[in-house]
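Q: predicted structure and sequence below. I'll ask about it afterward.
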There are 2 protein chains.
Amino acid sequence: MKARIHVTLKNGVLDPQGKAIETALHGLGFGEAGNVRQGKVIELDLKGVADKAAAEARVKEMCAKLLANPVIEDYSVELAG
Amino acid sequence: MKARIHVTLKNGVLDPQGKAIETALHGLGFGEAGNVRQGKVIELDLKGVADKAAAEARVKEMCAKLLANPVIEDYSVELAG
């Protein structure tokens, strides 16, 4: 089973990387771009895990323990295969 | 219209950040995690763009010019709203 995890800053948390991208996009003539936010995406294989509910619980545990900082970040998990 | 862009390293390109995450997950007891890859996700609003095809072309131009390094990275674009 494959998992894809999105880790994004919570709304209201300052995102300097997103702001830098927005400024650069405007400088390159992409004035329509606004409210740019940057996050992380982590893809991984889950070996020997067949049950979707168990897999999701396990991946959420990974997020809570390592992949995301729950104080300032949100995460979402997608499973496939 | 909202755009979500995934920028990931091409297959075969070494991903030290993904490897570090994998090692850390194994150390925390998540031995089932394998083939971990880390990428970026960029979310942005497109102001005053109504046509989906035009929006997609514009966002792909942003990727080619700034957001991704086409030598080692792939990107994909999702549009919503």
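A: Done, it's in.
Q: and A:Ile42, what is it in contact with?
A: For A:Ile42, the contacting residues are A:Arg4, A:Ile5, A:Val7, A:Leu67, B:Gly18, B:Ile21, B:Val36, B:Arg37, B:Gln38, B:Gly39, by Cβ atoms under 8 Å, 6 or more residues apart in numbering or on different chains. Where C-beta positions appear, they are placed from N, C-alpha and C, glycine not excepted.
Q: pretty sure it sits in a strand.
A: Yes - under DSSP: H, G, I helix; E, B strand; the rest coil, A:Ile42 sits within a strand.
Q: how about it, nearest residue that isn't a chain neighbour?
A: Of all residues not flanking A:Ile42 in the chain, A:Ile5 sits nearest, at 4.5 Å (Cβ to Cβ, 6 or more residues apart in numbering or on different chains).
Q: does the one you found touch A:Val59 like I think?
A: Yes - in this structure, A:Ile5 is within contact of A:Val59 by Cβ atoms under 8 Å, at 6.5 Å.
Q: which neighbours do the two have in common?
A: Common neighbours of A:Ile5 and A:Val59 (Cβ under 8 Å, 6+ apart) are A:Val77.
Q: of these two, which one has the most company?
A: Ranked by neighbour count (other Cβ atoms under 10 Å in any protein chain shown), A:Ile5 and A:Val59 place A:Val59 first, with 26 against 22.
Q: A:Glu78 is in contact with that one, correct?
A: No - if you go by Cβ under 8 Å, A:Val59 and A:Glu78 don't touch, sitting 9.5 Å apart.
Q: stretch A:21-41 near chain B at all?
A: Yes - in terms of Cβ under 8 Å from any Cβ of the partner chain, part of stretch A:21-41 sits within range of chain B, namely A:21-22, A:24-25, A:28, A:30, A:32-41.
Q: which among those residues count as buried?
A: The neighbour-count criterion (16 or more other Cβ atoms under 10 Å in any protein chain shown) marks A:21-22, A:24-25, A:30, A:32-33, A:36-41 among these as buried.
Q: and A:Asn35, helix, strand or coil?
A: Following three-state DSSP, A:Asn35 is assigned to strand.
Q: need the contact list for it.
A: By Cβ under 8 Å, 6+ apart, the contact set of A:Asn35 is A:Glu22, B:Glu43, B:Leu44, B:Asp45.
Q: the helix or strand hosting the last one pairs with which strands?
A: B:Asp45 is part of strand B:33-46, with elements assigned from DSSP states H and E. Strand pairing for strand B:33-46, determined by DSSP bridges: strand A:33-46 (antiparallel), strand B:2-9 (antiparallel).
Q: I am finished for the moment; much appreciated.
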